[in-house]
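Undergrad: structural data only, the sequence is not supplied:
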């Protein structure tokens, strides 16, 4: 097995995620990252000055550096362990950087609530698991759209991206990416508290996810072909709609999902991806889950192939 990356590590990490899901927060490296970010955030003045911007830079640099170092230590230590234990240890660490089962479970809960005609419960589950905005006034198509959007975006930055960084840079790359993405999730807001503090983490996350977002979209275009969609039409929809979102990356997987499922994904007052598609419903959430799993399977295969090539 290669000392830095291995396709077996990728496959075992995915299997662990499918069977066991996420560990409790006290054992979860991403929860530790969140705690570190919260502590470092306390150093900000919240005065909308360059000092806060520099604090954001420092949080990203220090956190990603420490995360990469932790990954390097795990790889170094595991070299001296029996191959089976080395494989398990690295897979456990890699698994901590993504969660497919958690994303699927969240979408399934929302779909189930809608199938039970319990819109308030679906709104509540959506707010708890997938979005930060108020969901109380969303109707069923809007709840379905928000769920599909979140599944598509999180497939990219929550699964494909860490697998891609692992394939390219080993555990240091996967953990460093996860810290950068977590810093953006916690700090990258356009409000009085985070406007300057979160500028650098947000821009860095845009850079980190540039390739994963586009790769995820291309995989979804291919999967859409398996679902009976015309690849050329799907690509055209992605090309036309990807710039509608504020994020330079999120529009790619979201537009690809809209095209692959032939649904219109609208966030009122912000964007409407593939307006020519049908209004999404509870069944489309389940189709989005299928799209996610097939996309993850292909991304896992591709990252495994790349890891194999690196080992030669």
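TA: Nice, I can see it. Just so it is clear, the structure is predicted and the values come from calculations on it, not from any experiment. Numbers count the residues shown, from 1 in each chain.

Undergrad: the helices in the stretch 151-300 of the chain, which residues?
TA: Here the stretch 151-300 of the chain has its helices, by DSSP state H, counting those that start in this stretch, at 161-187, 199-208, 210-226, 231-241, 251-261, 282-311.

Undergrad: residue 120: neighbouring residues, count only.
TA: 10 (other C-beta atoms under 10 Å). Using the backbone N, CA and C atoms, a C-beta is placed for each residue, glycine as well.

Undergrad: gap between it and residue 127?
TA: 11 Å (C-beta to C-beta, to the nearest Å).

Undergrad: over to residue 208?
TA: 27 Å.

Undergrad: what about these two, which has more around it?
TA: residue 208 (22 against 17).

Undergrad: disregarding residues adjacent in the polypeptide, which is nearest to the more buried one?
TA: Of all residues not flanking residue 208 in the chain, residue 180 sits nearest, at 5.3 Å (C-beta to C-beta, 6 or more residues apart in numbering).

Undergrad: just name the most buried of the helices of the stretch 151-300 of the chain.
TA: With neighbours defined as mean count of other C-beta atoms under 10 Å, these peak in mean count at helix 251-261, which reaches a mean of 30.

Undergrad: report the contact partners of residue 275.
TA: 264, 266 (C-beta atoms under 8 Å, 6 or more residues apart in numbering).

Undergrad: measure it to residue 67 for me?
TA: Applying C-beta to C-beta to residue 275 and residue 67 gives a distance of 40 Å.

Undergrad: mean pLDDT and distance to residue 153 for the helices of the stretch 151-300 of the chain - can I get that in JSON lines?
TA: Formatted as JSON lines, the helices of the stretch 151-300 of the chain follow (pLDDT from 0 to 100; distance: least, C-beta to C-beta, whole Å):
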{"stretch": "helix 161-187", "mean pLDDT": "96", "distance to residue 153": "11"}
{"stretch": "helix 199-208", "mean pLDDT": "97", "distance to residue 153": "12"}
{"stretch": "helix 210-226", "mean pLDDT": "96", "distance to residue 153": "8"}
{"stretch": "helix 231-241", "mean pLDDT": "95", "distance to residue 153": "14"}
{"stretch": "helix 251-261", "mean pLDDT": "97", "distance to residue 153": "6"}
{"stretch": "helix 282-311", "mean pLDDT": "90", "distance to residue 153": "11"}
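
Undergrad: mind checking these for the one nearest to residue 75?
TA: helix 161-187 (5.5 Å; C-beta to C-beta).

Undergrad: that closest one vs helix 210-226, what angle?
TA: Relative orientation of helix 161-187 and helix 210-226, computed by axes from the mean of the first three to the mean of the last three C-alpha atoms, to 10 degrees: 120 degrees.
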